[in-house]
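A.B. asks: sequence first, then the predicted structure:
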Amino acid sequence: MNQRLGQIAWWARQGLLTAGAVIGVLCLLMTVGAALFGLRPLVFQSGSMSPTIQTGDLAISHDVDASSLHRGDIVSVPTGTGTRVTHRIVSVSRDGSDAVLRLRGDANKATDATSYRVGHADRVLFHLPRLGYVVGWMSGPMGLFLLGLYAAFLISVLVKKSPGNGSGTGTGTPGEPLSAEARVVPPSTPVRKVSARKESARKANDKGRLVATGGLSVLLAAGALAGVGVQSRVTPTLAAWTDPVNITGATFTSYVVPAPPSGTSSATCAVLPAGSGNEQGVTYSWASGSTGTVNYTTTVSPTTVILTQSTTATSGGTTTLTLKYDAPKSPKGSQVTVTVQSSVPSAPTWTSSPVTLGKFTTGTQPSSAPTCG
Amino acid sequence: MTSNLASVGRVLASARTRAALSLGVVMAVGATGTFAYWTDDAVISGTSFTAGTLDLQVNNGNSYATTTLSMTGMVPGNTSAEVLTIKNNGTVPLKYTMSGGLTGTDAAAYGTAGSLLLTVVLNGTRSGTGNSSTCTGGTTIVAPVALTATPGTAIIGVRRPTTALAATATESLCFQVTLDPNAPSSLQGKTATATFTATGTSDVS
């Protein structure tokens, strides 16, 4: 029973070491790649790039200059708020060495509200499904705890003295001070065959092993330095969904201030009896036409005619303009043009276009009445 | 030479070498600053993944035609108002922005004059009737801004609300449109249509 458990433990240990070594080398390559080629891993926290890239995928991106960005590329750019968005380029406009990008997620109906001005950007090279979840979990408390345990286990393997029998290859299970022959190992293990070789042959290979171990150490050290120096980071990226809602139907039409009827045929001219002090006058009447209260502004030409009254009144659907002038002080026997503009009380600044109501001719004497026309 | 290669193979197969290589994982994680960068919190809490649906609605629809915002026979100083309910009908928190502008025959006339002013009031209520209805109460989140003839112009440019709108949560916005009291007389009889687009985003940063 104990023998069986030991065998399982041995296999588990071998599996862990081999898998760890493979992943470790990949991590090293990634770190070196990040340092040398500007590679950046991206973890997708949301799914607006689906179905191309789903939530939880891990993508590898490559930092490129703005000049090599094109429509259709998937790029990752920092947003103003310190996060990062990874979407597809829908348009690029160049501005010097910079590019102004309009981006849209494949799953989005709308292009992103903001455009991004970049000198360089991380272009997605390829992506690996689900791996982002693994990386995300690794960063959690449980993941870090297990990682710590794993590191402790590795260090224990590294610092453990070789078994006393001098088998320098270090394949022996630490903590089992048994001779190579007595070890509980599967019979087909190649390592065991190696350890069973003649001692002299092993010694002859010491040099080669030294070189190989030294090379690996250098590689590890370089990788560690690169990792620390470049601060390569697995970067979370939002492939944010967007959902536009259109609000329509608000139409605005402004009021048109109704103009009084134009032309003498519409406005009826009548001469007023003379007032005191040779005050003469005329009236113009027309059908009101519009509903509501309308104010009129009257102007006369020539302006040398001294008006003493200029009032409008509406009654029974008819609007009447009463014009009186000081005949002695005004030009005699001259034709006067009467123009009105309308406005509404709620919009005193808005007026209609000016309309000529008609003309009248002042009398040749201050005491003589004007005539229409 | 062959024996050297063999020894390299043997070294690679050794437990120590594999253990050393395995440390690459630990190192890589270490180089990432233990991922603390991923969250704003000092406590490392892992990465949050967003799965679910994003669905922004206005008055319970994915598009909305206003009913009381339009005005006819509008004179300077007239106002119209309508309350719109923004709803997160999805399963993930969202924020939204809004853009808008004028279209139609005389959009340019209104746009150039800058005479149609939009005010948005959070939690405002509509009071009054017709061309003198206004938004009262609440907090003004968009001060009177002139609508332009470019429909995509940002009106709410910064994603809101500050604390993202949770799933099923709503927010009430009162829209008020004012014809500027100083609108020029040349705008008489002009017609323009205002369109707005509220865009929800799962980017709640």
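C.D. replies: Yes, it's here.
A.B. asks: tell me the domain ranges of the chain?
C.D. replies: Here I'm looking at chain A. Annotated domains of chain A cover A:1-159+A:205-243, A:268-372 [automatic domain parsing].
A.B. asks: not quite, I wanted chain B
C.D. replies: Looking at automatic domain parsing, the domains of chain B come to B:2-38, B:56-201.
A.B. asks: make TSV from those and add mean pLDDT, mean neighbour count and distance to A:A152 to it.
C.D. replies: Where you see a C-beta, it was placed from the backbone N, CA and C, and this is true even at glycine. Conversion of those to TSV gives the following (pLDDT from 0 to 100; neighbours: other CB atoms under 10 Å in any protein chain shown; distance: least, CB to CB, whole Å):
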stretch	mean pLDDT	mean neighbour count	distance to A:A152
domain B:2-38	60	20	10
domain B:56-201	92	18	39
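A.B. asks: columns distance to A:S342 on top of those, output as a markdown table?
C.D. replies: Putting the domains of chain B into a markdown table (distance: least, CB to CB, whole Å) gives the following:
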| stretch | distance to A:S342 |
| --- | --- |
| domain B:2-38 | 69 |
| domain B:56-201 | 11 |
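A.B. asks: dump these into a markdown table; add distance to chain A as well.
C.D. replies: Compiled in a markdown table, those are given as follows (distance: least, CB to the nearest CB, whole Å):
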| stretch | distance to chain A |
| --- | --- |
| domain B:2-38 | 3 |
| domain B:56-201 | 3 |
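A.B. asks: count the residues that sit near A:A21.
C.D. replies: Neighbour count for A:A21, taken as other CB atoms under 10 Å in any protein chain shown: 23.
A.B. asks: which strands and helices sit next to the helix or strand harbouring it?
C.D. replies: A:A21 belongs to helix A:2-37 when elements are defined using DSSP states H and E. If you count contacts as 3 or more CB pairs under 8 Å, 6 or more residues apart in numbering or on different chains; DSSP states H and E, helix A:2-37 packs onto strand A:39-44, helix A:141-159, helix A:206-230, helix B:15-31.
A.B. asks: and the pLDDT at the spatially closest residue to A:G47 that is not a sequence neighbour?
C.D. replies: Setting aside the residues directly before and after it, A:G47 is nearest to A:T55 in space (CB to CB, 6 or more residues apart in numbering or on different chains), at 4.0 Å. Note on A:T55: pLDDT of 80.
A.B. asks: just A:P186 next, same as before
C.D. replies: Taking A:P186 on its own, its pLDDT is 44.
A.B. asks: what's the answer for A:Y296, then?
C.D. replies: For A:Y296, pLDDT reads 84.
A.B. asks: neighbours of A:G373, how many?
C.D. replies: 10.
A.B. asks: skipping adjacent residues, who's closest to it in space?
C.D. replies: With CB to CB, 6+ apart as the criterion, A:G373 has its nearest non-adjacent residue at 6.1 Å, and that residue is A:K359.
A.B. asks: and B:T103, by the same measure?
C.D. replies: B:T193 (5.2 Å).
A.B. asks: pretty sure that neighbour sits in a strand.
C.D. replies: Yes - assessed by DSSP: H, G, I helix; E, B strand; the rest coil, B:T193 belongs to a strand.
A.B. asks: which stretch in the helices and strands packed on helix A:2-37 has the least confidence?
C.D. replies: Lowest mean pLDDT within the helices and strands packed on helix A:2-37: helix A:206-230, at a mean of 50.
A.B. asks: next SSE downstream of the longest strand seen in chain B?
C.D. replies: As assigned by DSSP state E, the longest strand anywhere in chain B is strand B:153-165. Next helix or strand after strand B:153-165 toward the C-terminus (DSSP H and E): strand B:170-179.
A.B. asks: could you export that next one as CSV, CA atoms only?
C.D. replies: Written as CSV, here are the backbone C-alpha positions of strand B:170-179 (Å, rounded to 0.1, in the frame of the first residue of the first chain):
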residue,chain,number,x,y,z
THR,B,170,-33.4,53.7,-13.5
GLU,B,171,-32.6,57.4,-13.7
SER,B,172,-35.1,60.1,-14.5
LEU,B,173,-34.1,63.0,-16.8
CYS,B,174,-36.2,66.0,-17.6
PHE,B,175,-35.4,67.4,-21.0
GLN,B,176,-36.3,71.1,-21.6
VAL,B,177,-35.9,72.8,-24.9
THR,B,178,-36.0,76.6,-24.9
LEU,B,179,-36.2,79.0,-27.9
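A.B. asks: how far off centre is it?
C.D. replies: 16 Å (CA atoms, centre = their mean, to the nearest Å).
A.B. asks: from the contact counts, what lies against that strand?
C.D. replies: Using 3+ CB pairs under 8 Å, 6+ apart, strand B:170-179 is in contact with strand A:242-254, strand B:71-74, strand B:79-88, strand B:116-122, strand B:134-136.
A.B. asks: neighbours of the residue nearest to A:G373, how many?
C.D. replies: For A:K359, using other CB under 10 Å, the count is 17.
A.B. asks: wait, A:T283 sits on A:A270?
C.D. replies: Yes - in this structure, A:T283 is within contact of A:A270 by CB atoms under 8 Å, at 4.8 Å.
A.B. asks: related to what we said a few turns ago, need the helices and strands packed on strand B:170-179 in TSV with distance to A:D326, can you?
C.D. replies: Converted to TSV, the helices and strands packed on strand B:170-179 look like this (distance: least, CB to CB, whole Å):
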stretch	distance to A:D326
strand A:242-254	40
strand B:71-74	41
strand B:79-88	46
strand B:116-122	47
strand B:134-136	49
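A.B. asks: among the ones you listed, which is nearest A:T86?
C.D. replies: strand A:242-254 (13.6 Å; CB to CB).
A.B. asks: what lines up beside the very next helix or strand once past the closest one in the sheet?
C.D. replies: Under the assignment DSSP H and E, the closest C-terminal helix or strand after strand A:242-254 is strand A:268-272. Sheet pairing of strand A:268-272 (DSSP bridges) gives strand A:279-287 (antiparallel).
A.B. asks: next, the buried residues of the partner strand.
C.D. replies: A:E279, A:Q280, A:G281, A:V282, A:T283, A:Y284, A:S285, A:W286 (16 or more other CB atoms under 10 Å in any protein chain shown).
A.B. asks: tell me the mean pLDDT for it?
C.D. replies: Rounded mean pLDDT across strand A:279-287 is 88.
A.B. asks: with just CA atoms, put that strand into PDB.
C.D. replies: Extracted as PDB, the C-alpha positions of strand A:279-287 are listed here (Å, rounded to 0.1, in the frame of the first residue of the first chain):
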ATOM      1  CA  GLU A 279     -54.300 118.600 -37.600                       C
ATOM      2  CA  GLN A 280     -55.100 116.500 -40.600                       C
ATOM      3  CA  GLY A 281     -55.300 112.700 -40.900                       C
ATOM      4  CA  VAL A 282     -56.300 109.500 -42.800                       C
ATOM      5  CA  THR A 283     -57.300 106.000 -41.800                       C
ATOM      6  CA  TYR A 284     -56.500 102.700 -43.300                       C
ATOM      7  CA  SER A 285     -58.700  99.700 -42.600                       C
ATOM      8  CA  TRP A 286     -58.200  96.000 -43.500                       C
ATOM      9  CA  ALA A 287     -59.600  92.600 -42.500                       C
END
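A.B. asks: fine by me, we can end here.
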